[in-house]
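Undergrad: attaching a predicted model along with its sequence, questions to come.
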Amino acid sequence: MNKKEELALNGGTPIRDSYLPYGKQWIDNEDIKAVTDVLKSDFITTGPAISQFEKEIAEFVGAKYAVAFSSGTAALHAACFAAGIKENDEVITTPMTFAASSNCILYVGGQPVFADIDSKTYNISPESIKSLLTEKTKAIITVDFTGQPAEYDEIISLAKKSGLIIIDDAAHALGATYKDRHIGSIGDMTMFSFHPVKHITTGEGGIITTSNADYYEKLLLFRSHGITRDSLKLKNNQGPWYYEMQELGYNYRMTDIQAALGSSQLKKLNTFLKKRREYAKKYNDAFAEIDALITPYQQHECNSSWHLYIVRLDMEKLNVNRKEIFKALQKENIGVNVHYIPVHLHPFYQKLGYRKGLCPQAEKLYEEIITLPLFPAMSEQDLHDVIAGVKKVISYYSIDQR
Ligand SMILES: *Cc1c(COP(=O)(O)O)cnc(C)c1O
């Protein structure tokens with residue numbers, strides 16, 4: 001066995017000179033031109049670039065409609081409104097996600113109910129959903145965690161039996177497929193986020209895709225103050241200037257500057273996905289031989305979009321906890337992260353009465369995971385640095401099995 005290399009944490013030389021983030025956008029000259037073209041045009045907001053981008057996203061995922069928003073979180077809020085979720089309604093979701101997936105339920109006065117995850121896929125467990133269904137359950141918010149689609153056959157059948165609406169938080173899953181269907185055409189409404197770490201970016205931004213005309217109309221209304229100018233919908237048309245505020249909506253509009261960037265980014269999505277999948281495979285191959293690491297399980301008949309690459313530590317084979325390993329990797333200049341702190345453990349949710357122990361599988365997973373850098377703009381060399389850094393740190397802390 002080789003002599004153990006000294007960790008940067010203990011004063012050794014780091015694997016890399018510069019810090020590698022876990023995710024980052026890819027912006028090229030085409031994107032910049034798309035943005036400056038809009039800036040020179042007549043409309044920088046509420047113009048033609050928005051409907052163009054919406055049409056392209058809807059076509060890509062195979063949905064009838066898409067409505068763009070100022071953020072993914074605003075889009076989720078709108079979806080909860082369109083679904084008619086209100087006070088006393090329960091909505092089942094997963095805690096292994098970003099807080100926005102469940103905050104949107106609270107925005108409309110609903111009650112988040114956290115189902116546990118499947119310890120193999122890390123996605124929401126259909127069994128757990130089933131055990132939490134009540135008379136008050138109105139909807140399920142699934143999350144395609146890391147880009148791997150949730151178990152839709154089972155979830156859809158549960159939803160159908162109980163008349164529930166499925167809102168898919170697919171912030172991680174643009175380009176993912178479930179049994180040959182694109183994510184975006186499966187849930188009643190699906191949200192994609194265009195934050196810079198996501199698959200494509202508009203700076204900030206999000207979108208809902210749906211094939212339901214009623215949801216579509218409500219999403220449009222909600223995005224712009226609840227105001228309509230559509231003469232067919234006006235209750236009391238007083239003249240050509242007239243508009244009506246019919247619901248309490250928000251200003252959640254995306255600008256044309258952002259939409260043009262989105263359209264330009266979308267042209268590169270397949271290249272981005274290819275890179276992510278290629279890098280994920282290289283990680284899988286490199287880590288397969290390391291006993292103390294559990295690589296991500298992949299569902300049959302699904303193609304993940306690989307937003308995140310998460311390794312799980314096998315604690316019995318290591319002589320330190322996740323925190324030590326995390327710190328050691330950071331010192332090697334590898335931009336590791338943790339996705340996510342289970343939502344119900346945040347102080348705000350604790351104040352609402354949610355307690356530790358509610359979702360044991362998610363809570364256990366949280367203690368053992370580390371997200372490694374994965375984004376299309378990283379180079380082969382970056383990838384090799386991550387692999388070398390992980391091998392260095394894990395072998396240093398591995399309990400010698402012999
Ligand atoms: C990024 C993200 C969101 C929120 O999207 P924003 O565009 O940042 O508002 C919601 N859910 C998940 C799972 C996310 O990763």
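TA: That came through, no problem.
Undergrad: how much space separates the closest residue to residue 398 other than its chain neighbours from the ligand?
TA: Leaving aside its chain neighbours, residue 398 sits nearest to residue 292 (5.3 Å; criterion: CB to CB, 6 or more residues apart in numbering). Yep, even glycine has a C-beta here, placed from its N, CA and C like the rest. According to CB to the nearest ligand atom, to the nearest Å, residue 292 and the ligand sit 27 Å apart.
Undergrad: so who does residue 292 touch?
TA: When contacts are counted by CB atoms under 8 Å, 6 or more residues apart in numbering, residue 292 touches 313-314, 317-318, 394, 397-398.
Undergrad: in the stretch 301-402 of the chain, which residue sits nearest the ligand?
TA: residue 307 (7.4 Å; CB to the nearest ligand atom).
Undergrad: can you pull the pLDDT of that residue?
TA: Looking at residue 307, its pLDDT reads 98.
Undergrad: quick check: residues of this structure near the ligand?
TA: 71-73, 97-98, 100-101, 143, 169, 171-172, 193, 195, 206 (CB under 6 Å from any ligand atom).
Undergrad: reformat these as a markdown table; add secondary structure.
TA: Formatted as a markdown table, those follow (DSSP: H, G, I helix; E, B strand; the rest coil):
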| residue | secondary structure |
| --- | --- |
| 71 | coil |
| 72 | helix |
| 73 | helix |
| 97 | coil |
| 98 | coil |
| 100 | helix |
| 101 | helix |
| 143 | strand |
| 169 | strand |
| 171 | coil |
| 172 | coil |
| 193 | strand |
| 195 | coil |
| 206 | strand |
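Undergrad: can you name the two of these that are farthest apart?
TA: Distance extremes for the residues of the chain next to the ligand: the farthest pair is 71 and 143 at 16.4 Å, using CB to CB.
Undergrad: neighbour-wise, which of these two wins?
TA: The neighbour count for residue 71 versus residue 143, taken as other CB atoms under 10 Å, is higher for residue 143 (28 against 19).
Undergrad: which ones are touching that one?
TA: Per CB under 8 Å, 6+ apart, neighbours of residue 143: 93-94, 96-97, 101, 123-124, 150, 168-172.
Undergrad: contacts for whichever strand or helix holds residue 384, please.
TA: In this structure, residue 384 sits in helix 380-397 according to DSSP states H and E. With CB under 8 Å, 6+ apart as the contact definition, helix 380-397 has outside contacts at 4-5, 7, 15-16, 20, 279, 282-283, 286-287, 290, 292-293, 311, 318-320, 324-325, 328-329, 332-334, 372-373.
Undergrad: check the nearest residue to residue 271 once chain neighbours are set aside and give its pLDDT.
TA: Leaving aside its chain neighbours, residue 271 sits nearest to residue 376 (7.1 Å; criterion: CB to CB, 6+ apart). For residue 376, the pLDDT comes out at 97.
Undergrad: report the secondary structure state of residue 376.
TA: Per three-state DSSP, residue 376 ends up coil.
Undergrad: strands along the stretch 101-250 of the chain, start to end?
TA: Taking DSSP state E, counting those that start in this stretch to define them, one finds strands in the stretch 101-250 of the chain at 111-114, 137-143, 165-169, 177-178, 181-182, 189-193, 206-210, 227-228, 244-245.
Undergrad: of all the ones you listed, which lies closest to residue 34?
TA: strand 206-210 (17.1 Å).
Undergrad: helices or strands up against the closest one?
TA: With contacts taken as 3 or more CB pairs under 8 Å, 6 or more residues apart in numbering; DSSP states H and E, strand 206-210 sits against helix 48-61, strand 65-69, helix 72-82, strand 189-193, helix 213-223.
Undergrad: list the pairing partners of that strand within its sheet, with orientation.
TA: strand 65-69 (antiparallel), strand 189-193 (antiparallel) (DSSP bridges).
Undergrad: can I get those strands in a markdown table including distance to residue 256, mean pLDDT and mean neighbour count?
TA: Supplementary listing: those in a markdown table, determined by distance: least, CB to CB, whole Å; pLDDT from 0 to 100; neighbours: other CB atoms under 10 Å:
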| stretch | distance to residue 256 | mean pLDDT | mean neighbour count |
| --- | --- | --- | --- |
| strand 65-69 | 10 | 98 | 26 |
| strand 189-193 | 18 | 99 | 30 |
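Undergrad: residue of the stretch 201-350 of the chain nearest the ligand, please.
TA: Counting by CB to the nearest ligand atom, the stretch 201-350 of the chain gets nearest the ligand through residue 206, at 4.7 Å.
Undergrad: same check on the chain?
TA: Distances between the chain and the ligand by CB to the nearest ligand atom are smallest at residue 72, namely 2.6 Å.
Undergrad: surely that residue meets residue 100?
TA: Yes: here residue 72 lies in contact with residue 100, judged by CB atoms under 8 Å, at a distance of 6.7 Å.
Undergrad: which neighbours do these two share?
TA: Joint contacts of residue 72 and residue 100 (CB under 8 Å, 6+ apart) are residue 171.
Undergrad: so these two - more neighbours on which side?
TA: Neighbour count, other CB under 10 Å: between residue 72 and residue 100, residue 72 has more, with 26 against 21.
Undergrad: contact partners for that one?
TA: With CB under 8 Å, 6+ apart, residue 72 has these contacts: 100, 171, 191-195, 198, 205-206.
Undergrad: recalculate using a threshold of 10 Å.
TA: Taking CB atoms under 10 Å, 6 or more residues apart in numbering as the criterion, residue 72 is in contact with 98, 100-101, 104, 169-171, 191-195, 198, 204-208.
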